[in-house]
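The following block contains a protein sequence and its predicted model.
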Amino acid sequence: MKIRTVLPALALLAALPAQAQDIKVGAILPYSGVYASIGEEITNAMALAFEEAGNAVNGRALKIIRADTETKPNVAAAKARELVTSDNVDFLVGPVASSEAMAIRDFVHQSKIPLVMPNAGANVLTGEKCSPYIVRVGFSNDQFVRPAGKWLFDKGVKSAFLLAPDYAAGRELMGGFKKSFTAAGGKIVGEEYSPFGQTSDFGPYLAKVKDAKPDAVFVFYAGSEAINFIKQAADFQLAKSVKITGAAWTVSPLFLPAQGEAAAGFLGSLNYVPALDNPANKAFQAKYQERHKRVASEFGAAGYESGRLIVEALKRTQGATKDKKAVIEAMHKVEMNGPRGPLKIDPATNNVIQNIYMVEARKGADGKVDLAVVDTIANVKDDVNGCAMNW
Ligand code: BEZ
């Protein structure tokens, strides 16, 4: 009797077109560790993009499955495998740290599951270790700081000290800045790399910067390290003798509420600020702030745009996900005016082409510190850098 009722149900399931199955998006992001707040914001904003699409494309529901990388490369590698082999995800979105992205690269390439990267700037992933299945919505580390080297030199910074966490992103961001700054005529007077995720006392580094007497320190920190660094630099009164510049995640709107006035005066490069005056950004900020009661940062914008890219590509494939090449080629066709402004994916590298903004942290009349755009370097595009797309 039981068999009779079950069998028709099974037959019905088998008869359902693949289209009716959920589209699973594996959020391979840090929800703990030094970059936990970044992972949360990317996920929140991606969920908003899916919600705008009615959480479905062509009748297939969009489902986010969260996997905590703990900001650790080995955990990221294990979680990527689990999402693909146990959860059968159709897309991966993440991670945050360059080192995590490097750890999952080969698995993603072999499994052919499209990985959309809202952050994690490791240069080689859209250079010599590029993959047709890895699409970068965020940035490459080099792309992010290359414009800043010449810009700061032209504005009078003739010598700089480099300071960053000791892992792939810190090294690459400093390397990219150094290349363009010295090519413009600037001099590097020292560089230091603090143990990643293990440094809470920046005192010794601040003393070294001050002693070297550079015009500027060019710095990169994010997450809890950015909060600690900026507060300690203010207590140390570093800005009295050295201009504080850098990759401006260091004063991201995600960290500004904790940094407060200590962040004022920071000058650097970023690919998004909440104040950008375009309709997509106004709508995004209104929705994000209504839902989460706080301003969205560049991490949120990238999470939202990653979600939008997936939705727009799926609309072009009528919701089909089996043919991975078709999905990626659909992504190449998407030209978006997102919160950060115009962006598109370069099919030669799968890196994003985007504006880089020179921004300054300014204290307003209300005492609050916000980021203002002081210059725009439009449509910054990376060279192919040894990338060959092997499908
Ligand atoms: C990275 O590891 O690539 C990274 C992490 C946080 C902010 C920016 C870049």
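All right, it came through fine.

Need the per-residue pLDDT for Phe161.
pLDDT for Phe161: 98.

Okay, and it sits in which element?
strand 159-165 (DSSP states H and E).

Now do that strand: which elements does it pack against?
Secondary-structure packing of strand 159-165 (3 or more C-beta pairs under 8 Å, 6 or more residues apart in numbering; DSSP states H and E): helix 168-184, strand 187-194, helix 203-212, strand 216-219. For every residue, glycine as well, the C-beta is placed using N, CA and C.

how about the residue in the stretch 51-200 of the chain that the ligand sits nearest to, what does it touch?
Among all residues of the stretch 51-200 of the chain, Ala169 sits closest to the ligand, at 3.2 Å; criterion: C-beta to the nearest ligand atom. Counting by C-beta atoms under 8 Å, 6 or more residues apart in numbering, Ala169 touches Ala97, Ser98, Ser99, Ala120, Gly121, Ala122, Asn141, Phe220.

Count residues in the vicinity of the last one, would you?
The number of residues packed around Phe220, counting by other C-beta atoms under 10 Å, is 27.

ok, now the first one?
Taking other C-beta under 10 Å as the criterion, the count of residues near Ala97 is 31.

how many degrees apart are the helix or strand that contains Leu152 and helix 168-184 in direction?
Element membership for Leu152, per DSSP H and E: helix 141-154. Relative orientation of helix 141-154 and helix 168-184, computed by axes from the mean of the first three to the mean of the last three C-alpha atoms, to 10 degrees: 40 degrees.

got a list of contacts for helix 141-154?
By C-beta under 8 Å, 6+ apart, helix 141-154 touches 98, 121-123, 160, 168-169, 172-173, 175-186, 216, 218, 245, 247, 267-269, 271, 351, 356, 358, 375, 377, 380-382.

What subset of those residues is buried?
Neighbour counting with 16 or more other C-beta atoms under 10 Å marks 98, 121-123, 160, 168-169, 172-173, 175-178, 180-181, 186, 216, 218, 245, 247, 267-269, 271, 351, 356, 358, 377, 380, 382 as buried within the contacts of helix 141-154.

just for this protein, where's the confidence low?
Within the chain, the ranges that satisfy pLDDT under 70 run 1-20.

hang on, the earlier thing: Glu290: which of the helices and strands packed on strand 159-165 is closest?
Smallest distance to Glu290 across the helices and strands packed on strand 159-165 (C-beta to C-beta): 32.2 Å, for helix 168-184.

okay, the angle between that closest one and strand 187-194?
Using the same axes, to 10 degrees: helix 168-184 against strand 187-194 is 180 degrees.

Outline the domain layout of the protein.
According to automatic domain parsing, the chain comprises the domains 23-139+277-354, 142-270.

Mind checking what secondary structure the nearest residue to Gly33 once chain neighbours are set aside has?
Among residues not flanking Gly33 along the chain, Thr71 sits closest, at 3.1 Å (C-beta to C-beta, 6 or more residues apart in numbering). For Thr71, the assignment made with DSSP: H, G, I helix; E, B strand; the rest coil gives coil.

Quick one: residues contacting Thr71.
Thr71 touches Pro30, Ser32, Gly33, Val34, Tyr35, Ala36, Val96, Ala97, Glu100, Gly197, Gly223, counting by C-beta under 8 Å, 6+ apart.

I'd like those residues written out as a markdown table, with secondary structure added.
Shown next, in a markdown table, are these (three-state DSSP):
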| residue | secondary structure |
| --- | --- |
| Pro30 | coil |
| Ser32 | coil |
| Gly33 | coil |
| Val34 | coil |
| Tyr35 | coil |
| Ala36 | helix |
| Val96 | coil |
| Ala97 | coil |
| Glu100 | helix |
| Gly197 | coil |
| Gly223 | helix |
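
Just the buried ones from the residues you listed, in PyMOL syntax?
Command for PyMOL that selects the buried part of those, burial taken from 16+ other C-beta under 10 Å:
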select buried, resi 30+33+34+35+36+96+97+100+197+223
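
just the contacts of Thr71 that are near the ligand?
Val96, Ala97 (C-beta under 6 Å from any ligand atom).

in stretch 85-93, what's buried?
So for stretch 85-93, counting by 16+ other C-beta under 10 Å, buried means Val89, Asp90, Phe91, Leu92, Val93.

What of stretch 253-269?
So for stretch 253-269, counting by 16+ other C-beta under 10 Å, buried means 253-256, 259, 262-269.

so how far is it from its chain's centroid?
18 Å (C-alpha atoms, centre = their mean, to the nearest Å).

Going forward, the N-terminal residue is numbered 495.
Right, with 495 as the first residue, what we last looked at is stretch 747-763.

wait, does that stretch contact the ligand?
No. Using C-beta under 6 Å from any ligand atom, stretch 747-763 stays clear of the ligand, with a minimum separation of 10.0 Å.

just stretch 790-802 next, same as before
No. Stretch 790-802 is not in contact with the ligand by C-beta under 6 Å from any ligand atom; minimum separation 7.7 Å.
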